[in-house]
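Novice: Here is a sequence together with a model predicted from it:
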Amino acid sequence: MESRSATNILLAIIAATLLFGAAQVTSALSIVFIVGAVLLVGGAIIYFGLSWVTAWLETIGTEWGKLQDGDASIETRWTVTVFAMMPIAVVVGIGAAWMWLGGDPDPLWAFFGTFPGALCGLAGGVILAWFSIHVASAGLSWMSENYGTIPGRAWSFAAYLLAALFAVVALPRLAWRRSRKAGDGTVGTVVSTLFAAVFGLLISIMTVGIGIALFAGIADSLGYHV
């Protein structure tokens, strides 16, 4: 049945070619192909777009319901914030792409200079302000409840920071002691110590790099160019 259908289509194309000419048939087939491709791509975009919107509505509804039920955790508020920012990000992306197609050298800021872009910026600012207020409130609440543990936590953080800074020395010593205590042979002890030394070197380099970057950023914000 399928082979008969294909044969009929082929015979129809041959008959059309004989009646109207090869150029006309080729042009018509090209138009049919382009229209079919456009419909296929458009249908796929609509399908995935509707799927995304449905998932977005379900998630934002669930998380917002948690807030209404008294769930004030940072995780819930962060999820609501992220999903509330998604439509704004989509609109900003489309607007910036439109500005870019129009030849604007700075499409993102050009879009924010328009009325829709200003509304997106205002809405995003309100959402982020809402989240920041609740994060600050949660932070102050945690500090009031755990005020006595803050000095100990600060010392622990300082100890971890120093350990990370001198990890190139501390980790090999720790690996050597553990290997000797576990009764590993000479080869196993040396290999584990060398591995710990390499890993510790990477940690120390990363710690120093992050410290330099933070120092340079703070100095630059204060007007001192490092």
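Specialist: Sure thing, it's come through.
Novice: which ones are touching the residue nearest to residue 135 when sequence neighbours are not counted?
Specialist: Nearest non-adjacent residue to residue 135, counting by C-beta to C-beta, 6 or more residues apart in numbering: residue 74, 6.5 Å away. The C-beta positions use only the backbone N, C-alpha and C, and glycine is treated the same way. By C-beta atoms under 8 Å, 6 or more residues apart in numbering, the contact list for residue 74 reads 134-135, 138.
Novice: phi, psi of residue 102?
Specialist: Per-residue torsions, residue 102: phi -80, psi 0 (degrees, to the nearest 10).
Novice: How many residues are close by it?
Specialist: Using other C-beta atoms under 10 Å, residue 102 is surrounded by 9 other residues.
Novice: same thing with residue 164?
Specialist: So residue 164, with other C-beta under 10 Å, has 18 neighbours.
Novice: Which residues lie in contact with it in this structure?
Specialist: Counting by C-beta under 8 Å, 6+ apart, residue 164 has contacts 203-204, 206-207.
Novice: swap in residue 165?
Specialist: 204, 207-208.
Novice: swap the cut-off to 7 Å and go again
Specialist: The contact partners of residue 165, taken as C-beta atoms under 7 Å, 6 or more residues apart in numbering, are 204, 207.
Novice: what's downstream of the helix or strand of the chain with the lowest mean pLDDT, the next helix or strand?
Specialist: Using mean pLDDT, DSSP states H and E, helix 2-20 stands out as the lowest-scoring helix or strand of the chain, at a mean of 57. Going down the chain from helix 2-20, the next helix or strand is helix 22-68, by DSSP states H and E.
Novice: Tell me which other helices or strands that following helix touches.
Specialist: helix 2-20, helix 74-101 (3 or more C-beta pairs under 7 Å, 6 or more residues apart in numbering; DSSP states H and E).
Novice: how about a cut-off of 6 Å?
Specialist: helix 74-101 (3 or more C-beta pairs under 6 Å, 6 or more residues apart in numbering; DSSP states H and E).
Novice: Kindly calculate the angle that the helix it packs on makes with helix 22-68.
Specialist: The directions of helix 74-101 and helix 22-68 differ by 150 degrees, with axes from the mean of the first three to the mean of the last three C-alpha atoms, to 10 degrees as the criterion.
Novice: Residue 104 against residue 110, yeah?
Specialist: Yes: Residue 104 lies in contact with residue 110 (C-beta atoms under 6 Å); the separation is 4.4 Å.
Novice: Run the chain-centre distance for the helix or strand hosting residue 122.
Specialist: Assigned by DSSP H and E, residue 122 belongs to helix 115-145. Here helix 115-145 is found 19 Å from its chain centre; the criterion is C-alpha atoms, centre = their mean, to the nearest Å.
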